[in-house]
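Enquirer: Compute the structure for the input listed below.
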Amino acid sequence: MQSEYRVLVINPGSDSTQVGVFDDERCIFEKEIIHQPEHLRNYNWIMKQSEYRKQAILDVMDYEGINLSKLTAVCGKGGLLCPIKGGTYKVNAAMLYDLRTATYGEHISNLGGVIAYEIASGLNIDAYIVDPVVVDELVEVARFSGIPEISRRSIFHALNHKAAGRKAAAHLQTVYEDLNLIIVHMGKGITIGAHQKGKVIDVNNGLDGDGPFTTERSGSLPIGDLIRLCFSKKYTKEEMLKKIVGNGGVMAYLGTSSLYEVESMMKSGDTNAKNVYDAMAYQISKEIGSMGAVLSGDVDAIVFTGFLSYESKLIEIITKRVNWIADIFIYPGENELIALNEGALRVLRNEENYLYYSANEEWNDDQRV
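Expert: Numbering: from 1, shown residues only. Modelled structure (predicted):
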């Protein structure tokens, strides 16, 4: 049977671009395009890579014999935008401006919406993004930090969180919007969110904020000690930021961010490695418990996702501490191409309306790009 919708999906990474072509839910083509470092070094900021990466995608499509004229839509991974609610957004002028100028920060994911639009506009079809990392559905009390100058921010793996929530809902034979879930994304960053009836009402800032330490990020820290370390003159600002993201967590303690290597150390009798491993599991469990309090104990399921969810030993340690809260569901990996396609399909099938991005009142959807 001929498919109703064909969607090209684009997920930029630091040194590669994942692309997929879907006929409805069926993936008919998937490839990770590797970009050589010497090519990327030619661009002094991320957005200048857009034409190079777009052409690489078009070349692969041509080589594989995929007819772009049959596409219904193009969907890219969302980037750093102003805080927005979850859903599927049609790429418009305001969004393109904020992505291209890095108004809210420079990140490789900013290329997703831009490249999607540039390919789609040449085909006279729509481009979309789905659940970018800046999805913000926090309840007001979750924003308070204790210092008026600092508000807690919602920065998390929104795309994978919500996709995993929908998978759990399907297994429970209901819809995501009818459930209360604690969703745990475990990767280089770990974000744990309280999902209440389709909205993420509280979540730790997994980039440079709070929560458990990870394989390479520090997570929450004793604030006074951190301030004293910053002013000790031992480290520059850049070095301190690297301690928080990149050289923090397991990397700081053991010199590796590979849990496979850590488990090898543990098998050889390294008690320090075991303590670090157990401490990360302990902190993840604490964060899950705190989200149970956010939901007042009314939790339908705890959902694990992200590539560290393949680590059965880690999952076992955590679930022993938290399985009294609710049943456990595990969906390892990220499957971001599938999640992006599903978001586009919900709009194309009129199951949801696409959302309108407007960060600046001067912009309107009728303006030409």
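
Enquirer: start to end distance for stretch 322-330?
Expert: 14 Å (C-alpha to C-alpha, to the nearest Å).

Enquirer: Might you calculate how far it sits from the centre of the chain?
Expert: 22 Å (C-alpha atoms, centre = their mean, to the nearest Å).

Enquirer: what's the answer for stretch 152-169, then?
Expert: The answer for stretch 152-169 is 8 Å, by C-alpha atoms, centre = their mean.

Enquirer: I'd like the mean pLDDT over it, please.
Expert: Here stretch 152-169 scores 96 as its mean pLDDT.

Enquirer: how about that stretch: buried residues?
Expert: 152-169 (16 or more other C-beta atoms under 10 Å). Any C-beta I mention is one placed from the backbone N, CA and C, and that applies to glycine too.

Enquirer: excluding its backbone neighbours, what's nearest V21?
Expert: F29 (4.3 Å; C-beta to C-beta, 6 or more residues apart in numbering).

Enquirer: To what extent is the one you found buried, counted in neighbours?
Expert: 15 (other C-beta atoms under 10 Å).

Enquirer: wait, what's in contact with it?
Expert: V19, G20, V21, E64, I66 (C-beta atoms under 8 Å, 6 or more residues apart in numbering).

Enquirer: Identify the residues contacting the helix or strand bottoming out on mean pLDDT in the chain?
Expert: When the helices and strands of the chain are compared on mean pLDDT, DSSP states H and E, helix 37-40 comes out lowest with a mean of 82. Under the contact criterion C-beta under 8 Å, 6+ apart, helix 37-40 has outside partners D15, Q49, Y52.

Enquirer: how does it look with 10 Å?
Expert: S14, D15, I46, K48, Q49, Y52, R53, A56 (C-beta atoms under 10 Å, 6 or more residues apart in numbering).

Enquirer: Quick one: those residues as a markdown table, columns for neighbour count and secondary structure too.
Expert: A markdown table is the format used below for the contacts of helix 37-40 (neighbours: other C-beta atoms under 10 Å; DSSP: H, G, I helix; E, B strand; the rest coil):
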| residue | neighbour count | secondary structure |
| --- | --- | --- |
| S14 | 9 | coil |
| D15 | 12 | coil |
| I46 | 18 | helix |
| K48 | 12 | helix |
| Q49 | 21 | helix |
| Y52 | 14 | helix |
| R53 | 25 | helix |
| A56 | 19 | helix |
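
Enquirer: Report the lowest-confidence entry in the residues you listed.
Expert: Lowest confidence among the contacts of helix 37-40: S14, with 85.

Enquirer: Could you pull up phi and psi at the residue lying closest to that residue once chain neighbours are set aside?
Expert: Leaving aside its sequence neighbours, S14 sits nearest to I108 (C-beta to C-beta, 6+ apart; 5.4 Å). Note on I108: its backbone torsions stand at phi -60, psi -30 [degrees, to the nearest 10].

Enquirer: Please name the residues that touch I108.
Expert: Here I108 is in contact with 11-17, 46-47, 49, 53, 77, 79 (C-beta under 10 Å, 6+ apart).

Enquirer: rerun at 6 Å
Expert: P12, S14, I46 (C-beta atoms under 6 Å, 6 or more residues apart in numbering).

Enquirer: again, but for P12
Expert: Applying C-beta under 6 Å, 6+ apart, the residues near P12 are I108, L111, G112.

Enquirer: Distance of I288 relative to I46?
Expert: 34 Å (C-beta to C-beta, to the nearest Å).

Enquirer: Name the SS class of the closest residue to D24 other than its chain neighbours, please.
Expert: Nearest residue to D24, sequence neighbours excluded (C-beta to C-beta, 6+ apart): S3, at 4.6 Å. Three-state call for S3 (DSSP: H, G, I helix; E, B strand; the rest coil): coil.

Enquirer: most distant residue from the middle of this structure?
Expert: G269 (35.2 Å; C-alpha atoms, centre = their mean).

Enquirer: so what pLDDT did that one get?
Expert: Here, the pLDDT recorded for G269 equals 97.

Enquirer: secondary structure class for it?
Expert: coil.

Enquirer: F29 belongs to a strand, doesn't it?
Expert: Yes - judged by three-state DSSP, F29 forms part of a strand.

Enquirer: Tell me the pLDDT of it.
Expert: So, for F29, pLDDT stands at 96.

Enquirer: Looking at the contacts of P12, spot the one nearest L138.
Expert: G112 (23.6 Å; C-beta to C-beta).

Enquirer: I figured that closest one was touching C75, is that so?
Expert: No - with contact defined as C-beta atoms under 6 Å, G112 does not count as touching C75 (8.5 Å).

Enquirer: between the two, who's got more neighbours?
Expert: C75 (33 against 30).
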